[in-house]
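S.K.: Just a sequence and a predicted model for now, questions to come.
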Amino acid sequence: MCYTSSKSMAHAICFIIFSFLFIPAITLVESSQEGYISAVLSKKGLDFAKDLLIEKGVSSMIPLQLSDIDKSVKIPVIGKVHLGLSNIIIHSIDVASSSVETGDSGIVLVASGATADLSMEWRYSYKPWLVPVAISDKGTATVQVQGMVVGLNAAIINEEGTLKLLLLDSRCHVTDISIKVDGGAAWLYQGIIDAFQGKIVSAVEDAIVKKIREGIIKLDSLLHSLPKQMEVNGVVSLNVTFVDDPVLSGSSVELEINGLFTGTDGISVLTSYCHKGSQSFVSTKGSAKMIEISLDENVFESAASVYFDANYMHWTVDEIPDESLMNTAGWRYIIPQLYEQYPDDDMNLSIEVTSPPIIRISDRDIDASIHADLVIEVLNSGELVPVTCISLVINASCSAEIYKNNIAGSIRLLNFAASLNWSNIGNLDMHRVQATVSTILETFFMPYLNSHLRKGFPLPLPHGFKLQNAEIIRLDSKVTVQSDLSFTNRYDLNQLPIYL
């Protein structure tokens, strides 16, 4: 019976280690790379993962059937008796307490005070000395395992660019079992105790250790098969390769991943511009939150670069709230020569970002600098004619927020500078033009950007886990999300995909 409890614990332990590795994101590791996303699971987060995974692991294991046990024993007066136990089924398991510790020696998990209830069928047969006919009987019995302690020590290492999980030690100890026999002769109870108590205890302990080893091997194999890219949409993917070894302290687990965005075609963003900031993290020691995920400003810049390289930063404006600006008549007093050469012609405005936006994160704000060209086009005789181009340097302020499991945000215009790039209609009065461009930016460009920024992109979390009561902190060129976690029961922990 202890076997079941331990088997459930073995699965739960594997799930816990799985969770330690996957909360930030999972893939293979390249120690030569830099990590731009870090994740720290605090003591509170470790306990949450441990409790949840033990609960789900145990519930997924019962009812559990054990192997039959047979043995021949000598009973005083009766002689040699063949005893057997079959249909041994564990119906319930309860873990009184458990603990998880991390440090230089790896991950140490101990479950103690575990109990389990099981039912079984017994049978016996023997031949009396004076009677040539065999005597046999059968019935049922119940067993309770008490005071079971299961522990393991595992390590996570970087082996040639791959995270490898090693089982350093695993043990199981059963303190006591009690057996209640229904029916049978008076001598049967003591006979079963003498015959099977030691066998049940040792078999359970051996089976638990075996199951733990099998679980670690299976989990290690799974680590080798995980993807290196997390596709966000049809344009960008997130590079989730591990960087360096996990850092296991006495109260947390910290990991780093590359964290830069790449194109879905596999082409990486040039990272020569990526210079990682300082390595100070918001400490989770004693934190009231379970998990902390920090994203360097280079993560956001890499996303912008991918969209820029994929030509997704070019927009044609053919409709804005101030409809008069979509006809040359609305520009009569702003650019008089435009109306003179193209009277009452409809217009398009083309906005094209000319270089990847620059994003800087400070303790006070998130600043974005965007260089773009605004081209005024006139629909003349059915042909779209570019007439002038105005270069813009846009300075904006961004805010970050959590939307479901996504990190999202918004942007607002701070100021901008406009200069004439080229013109087919002569010089422009840039003072007048600038006021109109401000209207275009405020009524079209910023709302358009916000409609996409509010959707955000997913943080690397396993399926079924949700951020809860998340807070955002800006510090040392990073956006840090501190949050508790919740788990939705509709997901099967045995089949957890990695990402949202």
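M.R.: Done, it's in.
S.K.: Please make it C-alpha for all contacts and neighbour counts, starting now.
M.R.: Fine.
S.K.: In the biggest helix by length in the chain, which residues are buried?
M.R.: Counting residues, the longest helix found in the chain (DSSP state H) is helix 188-224. Residues of helix 188-224 classed as buried by neighbour count (16 or more other CA atoms under 10 Å): 188-189, 191-193, 195-196, 200-202, 204-205, 207-209, 211-213, 215-217, 219-220, 223.
S.K.: and what of stretch 384-392?
M.R.: Buried residues in stretch 384-392 (16+ other CA under 10 Å): 386, 388, 389, 390, 391, 392.
S.K.: Among those, which lie within strands?
M.R.: Mapping the buried residues of stretch 384-392 onto strands (DSSP state E) picks out 386, 388, 389, 390, 391, 392.
S.K.: which ones are touching the first one?
M.R.: So the one you mean is residue 386. By CA atoms under 8 Å, 6 or more residues apart in numbering, the contact set of residue 386 is 375, 376, 377, 378.
S.K.: Name the residues linked to it by a beta bridge.
M.R.: Beta-bridge pairing for residue 386 (DSSP bridges): residue 377.
S.K.: same question, the fourth one
M.R.: Applying DSSP bridges to residue 390 yields these beta-bridge partners: residue 374, residue 420.
S.K.: State the distance from it to residue 422.
M.R.: With the distance defined as CA to CA, to the nearest Å, residue 390 ends up 7 Å from residue 422.
S.K.: same question, the last one
M.R.: Separation of residue 392 from residue 422 (CA to CA): 13 Å.
S.K.: likewise the first one?
M.R.: In this view, residue 386 and residue 422 are 10 Å apart by CA to CA.
S.K.: Neighbours of residue 241, how many?
M.R.: Neighbour count for residue 241, taken as other CA atoms under 10 Å: 27.
S.K.: That one is in contact with residue 226, isn't it?
M.R.: No - with contacts counted by CA atoms under 8 Å, residue 241 stays clear of residue 226, the gap being 9.8 Å.
S.K.: hmm, back to that, any idea which of the buried residues of stretch 384-392 is closest to residue 182?
M.R.: Closest to residue 182 out of those is residue 392 (88.7 Å), distances taken as CA to CA.
S.K.: For the closest residue to the closest one other than its chain neighbours, give me its contacts.
M.R.: Using CA to CA, 6 or more residues apart in numbering and skipping residues adjacent in sequence, the residue nearest residue 392 is residue 418, 4.7 Å away. Residues near residue 418 by CA under 8 Å, 6+ apart: 390, 391, 392, 393, 430, 434.
S.K.: circling back: would you mind checking the contacts of residue 386 for buried ones?
M.R.: Taking 16+ other CA under 10 Å as the criterion, what is buried in these is 375, 376, 377, 378.
S.K.: May I have the beta-bridge partners of the closest residue to the second one other than its chain neighbours?
M.R.: In this structure, residue 376 finds its nearest non-sequential neighbour in residue 349, 5.0 Å apart by CA to CA, 6+ apart. Beta-bridge pairing for residue 349 (DSSP bridges): residue 317, residue 376.
S.K.: so where's the stretch 401-500 of the chain uncertain?
M.R.: 489-500 (pLDDT under 70).
S.K.: ok, 80 please
M.R.: Applying pLDDT under 80 to the stretch 401-500 of the chain flags residues 460-464, 488-500.
S.K.: Check what pLDDT the residue nearest to residue 376 gets.
M.R.: We note a pLDDT of 93 for residue 349 in this prediction.
S.K.: how many neighbours does it have?
M.R.: Counted with other CA under 10 Å, the neighbours of residue 349 add up to 20.
S.K.: do the same with residue 50
M.R.: Each residue near residue 50 was counted by other CA under 10 Å, and the total is 22.
S.K.: And the helix or strand harbouring it, how far out from the chain middle?
M.R.: Assigned by DSSP states H and E, residue 50 belongs to helix 43-61. Taking CA atoms, centre = their mean, to the nearest Å, one finds helix 43-61 lying 16 Å from the centre of the chain it belongs to.
S.K.: Which strands or helices does that helix pack on?
M.R.: helix 2-22, strand 97-103 (3 or more CA pairs under 8 Å, 6 or more residues apart in numbering; DSSP states H and E).
S.K.: what lines up beside the following helix or strand past the longest one in the sheet?
M.R.: This points to helix 2-22. Once the chain leaves helix 2-22, the next helix or strand it forms, by DSSP H and E, is strand 37-41. As defined by DSSP bridges, the strand partners of strand 37-41 come to strand 253-257 (antiparallel), strand 291-296 (antiparallel).
S.K.: what lines up beside the longest strand belonging to the chain in the sheet?
M.R.: When the chain is parsed with DSSP E, its longest strand is strand 135-159. Paired strands of strand 135-159, with direction, are strand 106-126 (antiparallel), strand 162-182 (antiparallel) (DSSP bridges).
S.K.: Give me the buried stretch members for the last one, please.
M.R.: Pointing back at strand 162-182 there. Under 16+ other CA under 10 Å, the buried positions of strand 162-182 are 162-167, 170-174, 177, 179, 181.
S.K.: okay, that strand in PDB with CA atoms only?
M.R.: This file holds the C-alpha atoms of strand 162-182, laid out as PDB (Å, rounded to 0.1, in the frame of the first residue of the first chain):
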ATOM      1  CA  THR A 162      21.400  20.800 -22.800                       C
ATOM      2  CA  LEU A 163      19.700  20.900 -19.400                       C
ATOM      3  CA  LYS A 164      20.200  17.500 -17.900                       C
ATOM      4  CA  LEU A 165      18.300  16.200 -14.800                       C
ATOM      5  CA  LEU A 166      20.200  13.900 -12.500                       C
ATOM      6  CA  LEU A 167      18.800  11.900  -9.600                       C
ATOM      7  CA  LEU A 168      21.500  12.000  -6.900                       C
ATOM      8  CA  ASP A 169      19.600  10.000  -4.200                       C
ATOM      9  CA  SER A 170      16.100   8.700  -3.600                       C
ATOM     10  CA  ARG A 171      14.700   6.900  -0.500                       C
ATOM     11  CA  CYS A 172      11.500   5.600   0.900                       C
ATOM     12  CA  HIS A 173      10.800   4.400   4.500                       C
ATOM     13  CA  VAL A 174       7.600   2.900   5.800                       C
ATOM     14  CA  THR A 175       7.200   3.200   9.500                       C
ATOM     15  CA  ASP A 176       4.200   1.000  10.100                       C
ATOM     16  CA  ILE A 177       1.300  -0.900   8.400                       C
ATOM     17  CA  SER A 178      -1.900  -2.300   9.900                       C
ATOM     18  CA  ILE A 179      -3.900  -5.100   8.500                       C
ATOM     19  CA  LYS A 180      -7.500  -6.000   9.200                       C
ATOM     20  CA  VAL A 181      -8.700  -9.400   8.100                       C
ATOM     21  CA  ASP A 182     -12.300 -10.100   7.400                       C
END
